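1. Quick one, what's the 3D model for this:
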Amino acid sequence: MEFLDVSGLTKRYGGIVALSGANFSARRGEVHALLGENGAGKSTLIQILAGAVRHDGGTIAVDGRPYAPSNPDQAAATGIAAVFQELSLIPDLTVEQNIWFRRETLSPLRMVRRGEMRKRTLALFEKYRFPDIPPEQEVRRLTLAERQIVEIAKGLAANPSILILDEATSALPAREAEWLLGLTRQLASENKLVIFISHRMAEVRNIADRLTIFRNGTTVAAHDARAVSDDEIVSQMLGRKLDRLYPERIATATDKIALRVREFSAGKRVHNISFDLREGEVLGIGGLQGHGQRELFQGLFGSTRSRGSIELWGKSASIRNPRQALIGRDGLALVPEDRRGQGILLTKSVRENLTISVIKRFSRFGLLDRRKEQDLVQEMVDFLRIKTSTPEQLAGTLSGGNQQKVIFGKMLLTEARILLLYDPTRGVDVGTKGEIFQLMRDLAAKGYSILFYSSDLPELVHVADRVIVMRNGEMVATLEGEANSEEGILRAAVFDTMAA
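-> So this is what the prediction gives:
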């Protein structure tokens, strides 16, 4: 018997149809994967289930009873918890305060019993073998991966019968991602329903019992996970066959050095790194997640304190803040790790997000040239194929993949020719991934120089011309040609060998 049954669900946002007669059903004791491109309707469905959004039509039943939540509290009371890709933690509170927020243990005088809250936190961590994160640590001091783990703990704290995981592994290092996949199977064995959203097919294959595919706001198909091939899944997601995920890698690098880095250290984790990035080159940064890659990118962009020598196009540069990095064609631009926290303003329009870094280009004597701005914005929307009803649509209403395209557009409008791309396909569907990879190669062919970090080894192997491997904040190998392989990257990341 289906524990969760969704029938004919519809949802509109003005003229935009987010769901159109969508159907979805799932059972207790299973991991059910929900697949589809960004914008296919997955996020809208889970927001409705979690009580964050109200549907316009259709019915939902949980355990045979009608279900129509008007807020997250009603969803929680029904036993539904969602862990969204974009985090909801309060930075100034501790780990345990976030986990038990609005569910604190109170004394008769309505005072929080901190000792009891600590016991509950440690019991929760022990039951599900959580990675070691101090309960008393402020969330603002945690890495993105650690914050994702706290978000998962927050979802489990209510002991839900239905847990929704929305791209929950996308921010996690390999070991923690493996832990979470094991956790989903543990929860299924406890007769809970886990709805699992991921764009990583290997994860879906690893844990899913069944899967449902969405496209254009409606249900395309539902399958036993073992009864359908990867090619069939991708074709049903896209409505067409994907010719190739990775574009042909044509050598476009010249002998001209765009970025020269010598004896570079950043933050507390990056030590004495030296490398050259050539004009027209895609240079990959690999290694196990959390070994200084993020600090390297932040240091180069000026958002983390650094020391060492940087040259841009043969000229010495001092970059102490992002403003000094964004100096036009000779500068650097960044696609950051945390899309919503660092890359996009959710309550601003697509237009405002695209032009916020280059507003001076459209102003003279304090007056904006709206026509010039609108023309350039529309050109970028068309170039990147951003799915938006109008450039005035709020960025927060776009799918994750289209938000990432807006960030790319903002970066390109700076006209910087050195691009720092930090895990740019994290949480992005397979179709948009292909578009991003092709864009990277096209930009390289036009003379852009790209420093590219990915937590997905195949992306580095198939997209980058060379790969620098980092371990413990140091550069331990540079791989190219046949040496640039998944095995080569992993071997260099783990073992004390040096390749050149």
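
2. contacts, neighbours, all on C-alpha from now
-> Will do.

3. Next up, phi/psi of residue 346, please.
-> phi -70, psi -30 (degrees, to the nearest 10).

4. Isn't it up against residue 399?
-> No: using Cα atoms under 8 Å, residue 346 makes no contact with residue 399, being 11.3 Å away.

5. out of the two, which sits in the more crowded spot?
-> Taking other Cα atoms under 10 Å, residue 346 and residue 399 do not tie; residue 399 has more neighbours (22 against 16).

6. residue contacts, the residue lying closest to the more buried one once chain neighbours are set aside?
-> Leaving out its chain neighbours, the residue that sits closest to residue 399 by Cα to Cα, 6 or more residues apart in numbering is residue 39, at 5.0 Å. By Cα atoms under 8 Å, 6 or more residues apart in numbering, the residues touching residue 39 are 18, 216-217, 398-401.

7. backbone phi and psi for residue 291, please?
-> The phi and psi values for residue 291, taken as degrees, to the nearest 10, are phi -110, psi 30.

8. ok, how many other residues are close to it?
-> 20.

9. So for it, what pLDDT did the model give?
-> On the pLDDT scale, residue 291 is placed at 90.

10. ditto for the one 10 residues further on
-> Residue-level confidence at residue 301 comes out at 96, pLDDT.

11. That one: neighbour count?
-> Here the count is done by other Cα under 10 Å, and residue 301 has 25 residues near it.

12. Surely it and residue 331 touch.
-> No: applying Cα under 8 Å as the test, residue 301 and residue 331 come out as separate, 9.5 Å apart.

13. list residues touching both of the two?
-> residue 325.

14. Please report the distance of residue 303 from residue 281.
-> From residue 303 over to residue 281 the distance is 24 Å, taken as Cα to Cα, to the nearest Å.

15. ok, those two, which is more surrounded?
-> residue 281 (28 against 18).

16. Give the helix, strand or coil label for the nearest residue to that one once chain neighbours are set aside.
-> Sequence neighbours aside, residue 253 is the residue nearest to residue 281 in space, at 4.6 Å (criterion: Cα to Cα, 6+ apart). Assigned state for residue 253: coil (three-state reduction, DSSP: H, G, I helix; E, B strand; the rest coil).

17. Can you pull out the low-pLDDT segments for the stretch 151-300 of the chain?
-> Counting by pLDDT under 70, the stretch 151-300 of the chain contains low-confidence ranges at 242-243.

18. Repeat the analysis, applying 50 as the threshold.
-> For the stretch 151-300 of the chain, no stretch has pLDDT under 50.

19. what ranges do the helices span in it?
-> Using DSSP state H, counting those that start in this stretch, the helices assigned to the stretch 151-300 of the chain run over residues 174-189, 201-207, 230-238, 293-301.

20. so which of those is the most packed in?
-> Most buried of those, by mean neighbour count (mean count of other Cα atoms under 10 Å): helix 293-301, with a mean of 24.

21. got the CA coordinates for stretch 450-465 in PDB?
-> Provided in PDB are the C-alpha atoms of stretch 450-465 (Å, rounded to 0.1, in the frame of the first residue of the first chain):
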ATOM      1  CA  ILE A 450      39.600  29.000 -16.200                       C
ATOM      2  CA  LEU A 451      40.500  27.600 -12.800                       C
ATOM      3  CA  PHE A 452      38.000  24.900 -12.100                       C
ATOM      4  CA  TYR A 453      37.400  22.900  -8.900                       C
ATOM      5  CA  SER A 454      35.000  20.000  -8.800                       C
ATOM      6  CA  SER A 455      34.100  17.500  -6.100                       C
ATOM      7  CA  ASP A 456      33.200  15.100  -9.000                       C
ATOM      8  CA  LEU A 457      36.300  13.400 -10.300                       C
ATOM      9  CA  PRO A 458      34.900  12.500 -13.800                       C
ATOM     10  CA  GLU A 459      34.300  16.200 -14.400                       C
ATOM     11  CA  LEU A 460      38.000  17.100 -13.800                       C
ATOM     12  CA  VAL A 461      39.100  14.200 -16.000                       C
ATOM     13  CA  HIS A 462      36.900  15.000 -19.000                       C
ATOM     14  CA  VAL A 463      36.800  18.900 -18.900                       C
ATOM     15  CA  ALA A 464      40.200  20.100 -17.600                       C
ATOM     16  CA  ASP A 465      43.300  20.200 -19.700                       C
END
